[in-house]
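Participant: sequence first, then the predicted structure, then my questions.
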Amino acid sequence: MGRFGTDDLPGLLEAQEAPCVSIYLPTDRTGAQSQRDQIKLKNLIKDAEERMASGGVRSPDARAMLQPAQDFLRDGSLWRTLEDGLALFISPRQFKHFTFPDAAPEIVVVADRFHLKPLLAVLGGDTRFYLLSASQNSVKLYEATRNSVDEVQLKDMPKSLEEALKYDDPEQQVRFRTTGRAGSGQRVSVGYGSGVTADEHKSNLLRFFHLLDDSLKPFLAGKNEPLVFASVDYLFPIFKQANTYPNLLPDNVAGNPESLGVSEIHKQAWSLIQIRHAKAREQAAGRYRQLAGTGRTLDGVADVVRAAAVGRIDTLFVPRGVQVWGAYDKTSGLVELHDEPAPRDQDVLDLAAVQTLANGGTVFAVEEQEVPGRNTVAAVLRY
């Protein structure tokens, strides 16, 4: 079962033959509750069939279209690679399923396109990040979320500073060691070995980090998730000189990874990720407040939907877990809003978010009370 990533978005945004069924389910990543999760999914598939029937799809056609989801449900091997959320996308010509590292709402949507708002955190890089730790005896890369950290094995990645920085002459080996934790008030000592100057040591470290960066490039190509570096403070500025990945965080987890341990590194890295997202979100909210009343902001649902459809939105705030049901006519620009979902209705907040992303805008999925102005939705316009 594949993890959802930004590369999967274009295929879901493409025009689909209706009806399009989107099913989301929170899952237990340990697999201990897989039977419970399978029962829930079975009920959601049944719900989708009933919604298709109420929208005018013949029952045999609905069952035939949902058959791949039924086959998926019965494939026990697929339930051993779960995360916190599961998403299924089904149309007459397509069936895709993804795991993702965020607690999903339990929801079924049948519309003319796929429902993608529960994936916004992943698309915005708010959930998954990478963690690179470097110490004398170990260099490791992890893929992490708020709740998990998993090591990534890269075949060509250097395994340790000690291994990579050896001289041909055994008497001239670089010796690198740490005492205590950098950044915690304890002393960090660095030894260079006989005949090795501080400048030569730094040059060798820079050479090593260039090799490390080269090994990371194929894996990180096309990704937009943040990268957090964990090491003694002495190494971080040298790594930044060699790094070419644009999403490296400006602050590192300070300390010897061998002393801190993976759990503590992960905890501190997630704190840095939260700070990063909070700053970006607050800056965007401040810009909204600054531009309010100038004609460069919108807070009406229908106005936001129309602006998103033509690519006018630069930044959009949408509330997590809130749906506004309705219909949008691309030809006339008419937006209809309904208190309850009618057959073939869609969540128009989801439509606005997806169109904003498709047109290169930024979307913040926030708690309802965090939408600027306490509005249902808020947008900053490009023009």
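Facilitator: Received it, and whenever you're ready, just let me know what you need.

Participant: can you give me the buried ones in stretch 220-232?
Facilitator: With burial defined by 16 or more other C-beta atoms under 10 Å, the residues of stretch 220-232 counted as buried are 220, 223, 225-232. (C-beta placed from N, C-alpha, C; glycine too.)

Participant: could you dump those to a markdown table with pLDDT, secondary structure and distance to I39?
Facilitator: Below are the buried residues of stretch 220-232 laid out as a markdown table (pLDDT from 0 to 100; DSSP: H, G, I helix; E, B strand; the rest coil; distance: C-beta to C-beta, whole Å):
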| residue | pLDDT | secondary structure | distance to I39 |
| --- | --- | --- | --- |
| L220 | 95 | helix | 39 |
| K223 | 87 | coil | 35 |
| E225 | 87 | coil | 33 |
| P226 | 93 | coil | 36 |
| L227 | 97 | strand | 39 |
| V228 | 98 | strand | 38 |
| F229 | 98 | strand | 43 |
| A230 | 97 | strand | 41 |
| S231 | 95 | strand | 46 |
| V232 | 94 | coil | 50 |
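
Participant: can you name the two of those that sit furthest apart?
Facilitator: Greatest spatial distance in these: K223 and V232, 26.3 Å, computed using C-beta to C-beta.

Participant: on that earlier part again, so which of the buried residues of stretch 220-232 is the closest to L119?
Facilitator: E225 (13.9 Å).

Participant: quick one: residues contacting the closest one.
Facilitator: Residues near E225 by C-beta atoms under 8 Å, 6 or more residues apart in numbering: 125, 128-130, 247.

Participant: what's the answer for D84, then?
Facilitator: Counting by C-beta under 8 Å, 6+ apart, D84 touches 26-27, 29, 100-104, 145, 147.

Participant: do that again at 10 Å, thanks
Facilitator: Residues counted as contacts of D84 (C-beta atoms under 10 Å, 6 or more residues apart in numbering) are 26-29, 99-104, 127, 145-148.

Participant: break down this protein into its helices, ranges please.
Facilitator: With helices called from DSSP state H, the chain shows them at 9-13, 34-54, 59-74, 120-123, 161-164, 198-220, 236-242, 257-260, 262-291, 301-309, 348-358.

Participant: what is the neighbour count of E282?
Facilitator: Counted by other C-beta atoms under 10 Å, the residues lying close to E282 total 11.

Participant: so what's it scoring on pLDDT?
Facilitator: Note for E282: predicted pLDDT of 95.

Participant: gap between it and D199?
Facilitator: Per C-beta to C-beta, to the nearest Å, E282 is found 42 Å from D199.

Participant: keep only those of the contacts of D84 that are in strands.
Facilitator: Among these, the ones falling in strands (DSSP state E) are 26, 99-100.

Participant: by neighbour count, which of those wins?
Facilitator: Using other C-beta under 10 Å as the neighbour criterion, F100 leads the ones in strands among the contacts of D84 with 26 neighbours.

Participant: what pairs with that residue across the strands?
Facilitator: G85 (DSSP bridges).

Participant: got the helices of the chain as CSV, with distance to A378 columns?
Facilitator: Formatted as CSV, the helices of the chain follow (distance: least, C-beta to C-beta, whole Å):
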stretch, distance to A378
helix 9-13, 23
helix 34-54, 30
helix 59-74, 36
helix 120-123, 15
helix 161-164, 48
helix 198-220, 33
helix 236-242, 35
helix 257-260, 40
helix 262-291, 6
helix 301-309, 8
helix 348-358, 11
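
Participant: hang on, the earlier thing: out of the contacts of D84, the closest to S138 would be?
Facilitator: Comparing the contacts of D84 against S138 with C-beta to C-beta places S148 closest, at 19.9 Å.

Participant: so where's the stretch 101-250 of the chain shaky on pLDDT?
Facilitator: Applying pLDDT under 70 to the stretch 101-250 of the chain flags residues 121, 123-127, 163-196.

Participant: what do you get if the cut-off is 50, keeping everything else the same?
Facilitator: 167-192 (pLDDT under 50).

Participant: can you pull up the most central residue in the protein?
Facilitator: V122 (2.6 Å; C-alpha atoms, centre = their mean).

Participant: wait, what's in contact with that one?
Facilitator: V122 makes contact with 3-6, 8-9, 85, 87, 98, 100-102, 116, 128, 145, 225, 365 under the criterion C-beta under 10 Å, 6+ apart.

Participant: who does C20 bridge with?
Facilitator: C20 has these beta-bridge partners by DSSP bridges: A111.

Participant: touching, Q369 and P319? I think so.
Facilitator: Yes. Checked against C-beta atoms under 10 Å, the pair Q369 and P319 is within contact range at 8.5 Å.

Participant: who has more neighbours out of those two?
Facilitator: P319 (20 against 7).

Participant: nearest spatial neighbour of A292, chain-adjacent residues omitted?
Facilitator: Computed as C-beta to C-beta, 6 or more residues apart in numbering, the closest residue to A292 that is not its neighbour in sequence is G373, at 7.3 Å.

Participant: okay if I get the buried residues of stretch 220-232 as CSV plus distance to D61?
Facilitator: Shown next, in CSV, are the buried residues of stretch 220-232 (distance: C-beta to C-beta, whole Å):
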residue, distance to D61
L220, 43
K223, 39
E225, 40
P226, 44
L227, 47
V228, 49
F229, 53
A230, 53
S231, 58
V232, 63
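
Participant: walk me through the domains of the chain.
Facilitator: With automatic domain parsing as the criterion, the domains of the chain are listed as 1-115, 129-280, 292-383.
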